[in-house]
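Colleague: Need a 3D model of the following:
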Amino acid sequence: MYTISNNTDSSVLFRLIAEGNEMAFKILFEQYKAKTYAVAFKWTKCTLAAEEITQEVFISIWVSKAQLPLVKDATAYIYTIIYNHVKRYLKKEQHQNRILQLAFWNTKKICNITEETIQSNETQQLINQALAKLTPQKKLIFDLSRQQGKTYSEIGASLNLSPHTVKSHLVKTVKFIRNYIENVSVFLTGGILFLFF
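Modeller: Predicted coordinates for the structure are as follows:
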């Protein structure tokens, strides 16, 4: 029986997840969610897509958990899943040039985890700055949707709004955040600019 913590090695977490251990899965998610989001955002340049890809990556890990004990390099395995999901998204959006760049990145393993973590933290700071400029209602709707996972109907019921109005607010909020990040990034140097190349 393992005693696990936030510092538990991912290979140990993989074995436990294969056995259905939900706590191990939550710890793995906390260890890799920022890195996953950073890579997804770097290639999609879209906060909503990066969030969805991050969720899909961990859903894939859980659904395929029976394979995890066979994995020799947990980080490489996770990055392969990220690569596949990002590639699928880019194909759907028909970003052929970015697909080629992504393939090059994956082949050469240009993957500095520390750098990506810094980029993710900087991106999150920009998201927080953008949220601070929103109306209280839009901030609340964004929080209920993205942080608490509530549906349009649930949010609408709690705020006395129609689901359509909730969706409209959320779409405008995500667009505002994306534009804010893109506009601010023009004036920055260093890590955050790397996300937009």
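Colleague: mind listing what's buried in stretch 38-53?
Modeller: 38-47, 49-51, 53 (16 or more other CB atoms under 10 Å). The way it works is simple: take the backbone N, C-alpha and C, and place the C-beta from them, glycine included.
Colleague: Name the nearest residue to the one residue sitting closest to the centre of the chain, ignoring sequence neighbours.
Modeller: Ranked by distance to the mean C-alpha position of the chain (CA atoms, centre = their mean), the top residue is Y37 at 2.9 Å. In this structure, Y37 finds its nearest non-sequential neighbour in T54, 4.8 Å apart by CB to CB, 6 or more residues apart in numbering.
Colleague: Would you mind measuring from that neighbour to H169?
Modeller: 22 Å (CB to CB, to the nearest Å).
Colleague: what about the chain, any weak spots by pLDDT?
Modeller: 1-2, 93-124, 147-148, 181-197 (pLDDT under 70).
Colleague: can you list the domains in it?
Modeller: Under the assignment automatic domain parsing, the domains of the chain span 8-111, 116-197.
Colleague: Could you identify which of those is most buried?
Modeller: When the domains of the chain are scored by mean count of other CB atoms under 10 Å, the highest mean neighbour count falls to domain 8-111 (a mean of 17).
Colleague: So which residues of this structure form helices?
Modeller: With helices called from DSSP state H, the chain shows them at 10-18, 22-44, 47-63, 74-93, 96-108, 113-132, 136-142, 152-159, 163-185, 191-194.
Colleague: picking up where we left off before, how about TSV for the buried residues of stretch 38-53, with distance to T135 added?
Modeller: Shown next, in TSV, are the buried residues of stretch 38-53 (distance: CB to CB, whole Å):
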residue	distance to T135
A38	28
V39	32
A40	28
F41	25
K42	30
W43	31
T44	27
K45	25
C46	23
T47	18
A49	24
A50	24
E51	21
I53	28
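Colleague: Perfect, I'm done here.
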